[in-house]
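Asker: Okay, here's the prediction I keep looking at, along with the sequence it came from:
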Amino acid sequence: MHRVKDLRESFTNYFKEREHRILPSSSLLPKDDPTLLFT
């Protein structure tokens, strides 16, 4: 899996070099929301 890590790093570095921000991932579902979401 070393190649996957290198590919991911290369991809994110491309955008970092162009002044994009790398943000942590987050859920699409709201926390503690019992309603059903349709997407």
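Answerer: Thanks, I have the structure now. Note that the coordinates shown come from a computational prediction; the quantities given were computed from them, not determined experimentally. Numbering: from 1, shown residues only.
Asker: going forward, measure contacts and count neighbours with C-alpha atoms only.
Answerer: Will do.
Asker: tell me which element residue 33 is part of?
Answerer: When secondary structure is defined by DSSP states H and E, residue 33 falls outside every helix and strand.
Asker: go on, residue 10?
Answerer: Using DSSP H and E, residue 10 falls in helix 2-16.
Asker: Residues contacting that helix, please?
Answerer: With contact meaning Cα atoms under 8 Å, 6 or more residues apart in numbering, helix 2-16 is reached by 21, 22.
Asker: Give me the residues contacting stretch 28-39.
Answerer: Counting by Cα under 8 Å, 6+ apart, no residue outside stretch 28-39 touches it.
Asker: Near residue 30, how many other residues are there?
Answerer: 10 (other Cα atoms under 10 Å).
Asker: most centrally placed residue in this structure?
Answerer: residue 25 (4.2 Å; Cα atoms, centre = their mean).
Asker: Remind me which helix or strand that one belongs to.
Answerer: Residue-wise, residue 25 maps onto no helix or strand under DSSP H and E.
Asker: Could you report the pLDDT at it?
Answerer: Note on residue 25: pLDDT of 90.
Asker: cool, and residue 28?
Answerer: Reported pLDDT for residue 28: 81.
Asker: residues near it, how many?
Answerer: Other residues close to residue 28 by other Cα under 10 Å number 7.
Asker: ditto for residue 13
Answerer: Applying other Cα under 10 Å, I find that residue 13 has 14 neighbouring residues.
Asker: what's the answer for residue 15, then?
Answerer: So residue 15, with other Cα under 10 Å, has 12 neighbours.
Asker: and if you look at residue 12?
Answerer: 14.
Asker: Quick check: the gap between it and residue 18.
Answerer: Counting by Cα to Cα, to the nearest Å, the gap from residue 12 to residue 18 is 10 Å.
Asker: what about the helix holding residue 10, average pLDDT?
Answerer: 93.
Asker: CA atoms only for that helix - export them in PDB, please.
Answerer: Taking Å, rounded to 0.1, in the frame of the first residue of the first chain, the C-alpha atoms of helix 2-16 are listed here in PDB:
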ATOM      1  CA  HIS A   2       3.000   2.300  -0.200                       C
ATOM      2  CA  ARG A   3       2.000   3.400  -3.700                       C
ATOM      3  CA  VAL A   4      -1.500   4.500  -2.600                       C
ATOM      4  CA  LYS A   5       0.100   6.700   0.100                       C
ATOM      5  CA  ASP A   6       2.400   8.200  -2.400                       C
ATOM      6  CA  LEU A   7      -0.400   8.800  -4.900                       C
ATOM      7  CA  ARG A   8      -2.500  10.500  -2.200                       C
ATOM      8  CA  GLU A   9       0.400  12.700  -1.100                       C
ATOM      9  CA  SER A  10       1.200  13.700  -4.700                       C
ATOM     10  CA  PHE A  11      -2.500  14.600  -5.300                       C
ATOM     11  CA  THR A  12      -2.800  16.700  -2.100                       C
ATOM     12  CA  ASN A  13       0.600  18.400  -2.700                       C
ATOM     13  CA  TYR A  14      -0.500  19.400  -6.200                       C
ATOM     14  CA  PHE A  15      -3.400  21.400  -4.700                       C
ATOM     15  CA  LYS A  16      -1.400  22.700  -1.700                       C
END
